[in-house]
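Trainee: Would you be able to build a 3D model of this:
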Amino acid sequence: QVQLVESGGGLVQAGGSLQLSCAASGRTFSRSAMGWFRQAPGKEREFVTSINWTGTTYYSASVKGRFTISRDTAENALYLQMNSLKPEDTATYYCTASSKFLSSFSPEDYEYWGQGTQVTVSS
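Mentor: You can find the predicted model right below:
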């Protein structure tokens, strides 16, 4: 059974930092695309960042330059370093993985999802 388990969310003041982690089990994702999406109350789930099997990364315009995605293929883990956080970054953050090599901006292209971790940024 494939599982993605996020951790590292919490409450932080604007301008602060958080690092999210995602531990994958049940299969290896070393040759798969992985990513992070987020969903705020009343809004649709939106793409944040992804990394494909070659290590190429993609970011939404709203987080580029502030967030950094990375992966540890040996540990089957995914990370999201979030700096200069803003109140509009407040959302539930989801780790996701695909059986495909290449990243996608669409949540429909990812088969595996974590349960989510809450990030709240106070002003």
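Trainee: And the residue nearest the centre of this protein?
Mentor: For the chain, the residue sitting closest to the mean C-alpha position, by Cα atoms, centre = their mean, is Trp36 at 2.2 Å.
Trainee: Check which residues of stretch 27-45 are buried.
Mentor: Of the residues in stretch 27-45, those buried under the neighbour-count criterion (16 or more other Cβ atoms under 10 Å) are Phe29, Ser32, Ala33, Met34, Gly35, Trp36, Phe37, Arg38, Arg45. C-betas here are computed from N, CA, C, even on glycine.
Trainee: can I assume the residue nearest to the centre of the chain is in contact with Glu46?
Mentor: No. Proximity of Trp36 to Glu46 does not meet the contact threshold set by Cβ atoms under 8 Å, at 10.2 Å.
Trainee: Strands of the protein, start to end?
Mentor: Counting by DSSP state E, the chain forms strands over residues 3-7, 10-13, 18-25, 34-39, 46-51, 57-59, 67-72, 77-82, 91-97, 112-113, 117-122, given from the N-terminal end onward.
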